[in-house]
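[1] the sequence isn't on hand, but the structure is:
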Ligand SMILES: [Zn+2]
Ligand SMILES: [Zn+2]
């Protein structure tokens, strides 16, 4: 979970991924992706009012992120204040000065991060006071990826000097040395789905996704392989229905499928040790729950072979499959050694680590890369005390169940069992009431706690792969499931080519 305070020291009057406290007085805002730990304060009355009232104040993000935001009622009246930037070419953004200060021009380049739809890194380039600053947001960059991004290179192919890197350090710990490529994780998931569905028409599968966005490649693969769309909530469906690559893989009609990724409640109710209540149908079925997750798969667990990327719990009929949307320890090390930034700020204090431990781990990682006489300046964000609560003007300071479910959470270990035996005599209402309160409680606890050829063409190819056959090409193990952009948007970016100038 991001601990980043929103300020990039090199840029005055700018806030990124944090819209609370003094940050709201910024003149220019950036949002890297739509996960709630990067959206603190974004729906607050104060922020929305500032965006509305200040003619020069805008929120910048990728086209898909803008699309997701604009589909929310909260932003309906503010869609003219949300400016989408192109992926690929640099975008010239003018940051208005405060009280007579001069405006500042910066080039902002968006780089896809493979984390969830629309997720991007921001590369800021400006005069000497700005230099080259790279903010990764959340990312899964695998070994070899950095070399493929044209945006990180000068036209002669040499790597750009990065003065400061703001880094997603979610899996900085040596405990998470490697993760499988997501295509392998998806293949495992689809095998389990195949085995279960083959047992009979009364067998359903729940894919227990860790965040509202980020599992689209799984849905696409399952829909393709089984000719069966994945059931998702109405809210998510309404967003996907305008994304051509994902649209055909999902449905909001629970009756036409046996694969569910609707906001499935964490605690499922079982009777006779066999049948389980399917939350979206209010019927009893034989269920298996498959949970793509990464936290459970430390290096003791995941040994690099696919057998060890699975954790089965027979009694719960729960299968955890290692699937990560954040870079592993080794992938972070690769990224740092490729760019060799002069300064690095860790934006995530990993679970079970303190700020000091995070800094020490980063130092340990950098030492062999830089040598002890050339170490970069290392800093770390402060762990946030309590989760921020996003509220719209009409709401109180309370998260709804739906908002909790929409948060990005890595699932931690289940309390004891994911399924609870209940007597048949209890009413359906009792089941549902119980499920909702238990779900809310659990969520509240958890929230605390390229070769240097044309990058646009490469990413367009990546999406074509998803749309066509999900088979990787040219030895790129993970690229086939990069989830950052839709092909249509990419194609638009390729067609436009020219930078967009905002002033
Ligand atoms: Zn995220
Ligand atoms: Zn469902």
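    Right, received. Where do you want to start? Since the model is a prediction, treat every value here as computed from it, not as a measurement. Ligands and ions are numbered 1, 2, ... in the order given.

[2] tell me where the stretch 201-350 of the chain has helices.
    216-226, 234-240, 244-247, 329-339 (DSSP state H, counting those that start in this stretch).

[3] what does the stretch of helix or strand residue 48 belongs to rub up against?
    Using DSSP states H and E, residue 48 sits in helix 45-53. Identification of contacts with helix 45-53 by Cβ atoms under 8 Å, 6 or more residues apart in numbering yields 19-20, 24-25, 29, 41, 57-59, 74, 77-78, 81, 391-393. Heads up, the C-betas are built off the backbone N, CA and C, glycines and all.

[4] which among those residues gets closest to ligand 2?
    residue 74 (25.8 Å; Cβ to the ion).

[5] number of residues surrounding that closest one?
    Residue 74 has 17 neighbouring residues, counting by other Cβ atoms under 10 Å.

[6] picking that back up, comparing the helices of the stretch 201-350 of the chain, which comes out most buried?
    Sort the helices of the stretch 201-350 of the chain by mean neighbour count, taking mean count of other Cβ atoms under 10 Å, and helix 216-226 sits at the top with a mean of 22.

[7] do that helix and ligand 2 meet at all?
    No: Helix 216-226 does not reach ligand 2 (Cβ under 5 Å from the ion); its nearest approach is 12.4 Å.

[8] pull up the pairing partners for the longest strand anywhere in the chain, direction included.
    Secondary structure of the chain per DSSP state E: the longest strand is strand 283-293. In the sheet, strand 283-293 lines up against strand 203-207 (parallel), strand 275-278 (antiparallel), strand 318-322 (parallel) (DSSP bridges).

[9] tell me what angle the last one forms with helix 216-226.
    Taking axes from the mean of the first three to the mean of the last three Cα atoms, to 10 degrees, strand 318-322 and helix 216-226 form an angle of 120 degrees between their directions.

[10] what does strand 318-322 contact?
    Counting by Cβ under 8 Å, 6+ apart, 179-180, 185, 188-189, 192, 288-294, 296-297, 301-302, 309-313, 414, 418 sit against strand 318-322.

[11] 7 Å instead, please
    When contacts are defined by Cβ atoms under 7 Å, 6 or more residues apart in numbering, strand 318-322 is touched by residues 179-180, 185, 188-189, 192, 288-294, 296-297, 302, 309-312, 418.

[12] select only the buried ones of the residues you listed in PyMOL?
    Only the buried entries of those go into this PyMOL selection, using 16 or more other Cβ atoms under 10 Å:
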select buried, resi 179+180+185+188+189+192+288+289+290+291+292+293+294+296+297+302+309+310+311+418
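
[13] when you check ligand 1, which of the contacts of strand 318-322 turn up near it?
    Counting by Cβ under 5 Å from the ion, no member of these is near ligand 1.

[14] picking up where we left off before, and whatever helix or strand comes next after the helix holding residue 48, which strands flank it?
    Note on helix 45-53: by DSSP H and E, the next helix or strand toward the C-terminus is strand 58-62. Strand 58-62 pairs in its sheet with strand 28-30 (parallel), strand 82-85 (parallel), by DSSP bridges.

[15] can you give me the mean pLDDT across the next helix or strand after strand 58-62?
    Scanning forward in sequence from strand 58-62 by DSSP H and E, the next helix or strand is helix 63-70. Averaging pLDDT along helix 63-70 gives 90.

[16] quick one, phi psi at residue 105?
    phi -90, psi 130 (degrees, to the nearest 10).

[17] bridge partners for it, pull those for me.
    Counting by DSSP bridges, the residues bridging with residue 105 are residue 94.

[18] list the contacts of whichever strand or helix holds residue 109.
    Assigning secondary structure by DSSP H and E places residue 109 in strand 104-112. Residues outside strand 104-112 that contact it (Cβ under 7 Å, 6+ apart) are 11-12, 60, 62, 85-87, 90-95, 97, 120-126, 130, 149, 151, 459, 482, 484-485.

[19] residues contacting the residue nearest to residue 276 when sequence neighbours are not counted?
    Nearest non-adjacent residue to residue 276, counting by Cβ to Cβ, 6 or more residues apart in numbering: residue 287, 4.1 Å away. Contact analysis of residue 287 by Cβ under 7 Å, 6+ apart lists 204, 206, 268, 276, 278, 317.

[20] is the residue of the stretch 101-250 of the chain found nearest ligand 2 bridged to anything, and to what?
    Nearest residue of the stretch 101-250 of the chain to ligand 2 (Cβ to the ion) works out as residue 231 at 3.6 Å. Note on residue 231: beta-bridge partners by DSSP bridges are residue 251, residue 260.

[21] doesn't residue 256 make contact with it?
    No: using Cβ atoms under 7 Å, residue 231 is not in contact with residue 256, being 8.2 Å away.

[22] who's more crowded, the two?
    Neighbours were counted for residue 231 and for residue 256 using other Cβ under 10 Å; residue 231 has more, 27 against 10.

[23] contacts only, for that one.
    Counted by Cβ under 7 Å, 6+ apart, residue 231 has contacts 251, 254, 257, 259, 260, 261, 262, 280.

[24] what is the nearest of these to residue 378?
    Nearest to residue 378, judged by Cβ to Cβ, of the contacts of residue 231 is residue 261 at 38.9 Å.

[25] count of residues packed around the closest residue to that closest one other than its chain neighbours?
    Spatial nearest neighbour of residue 261, chain neighbours left out: residue 207 (4.3 Å); criterion: Cβ to Cβ, 6+ apart. Applying other Cβ under 10 Å, we find 23 residues neighbouring residue 207.

[26] many thanks, have a good one.
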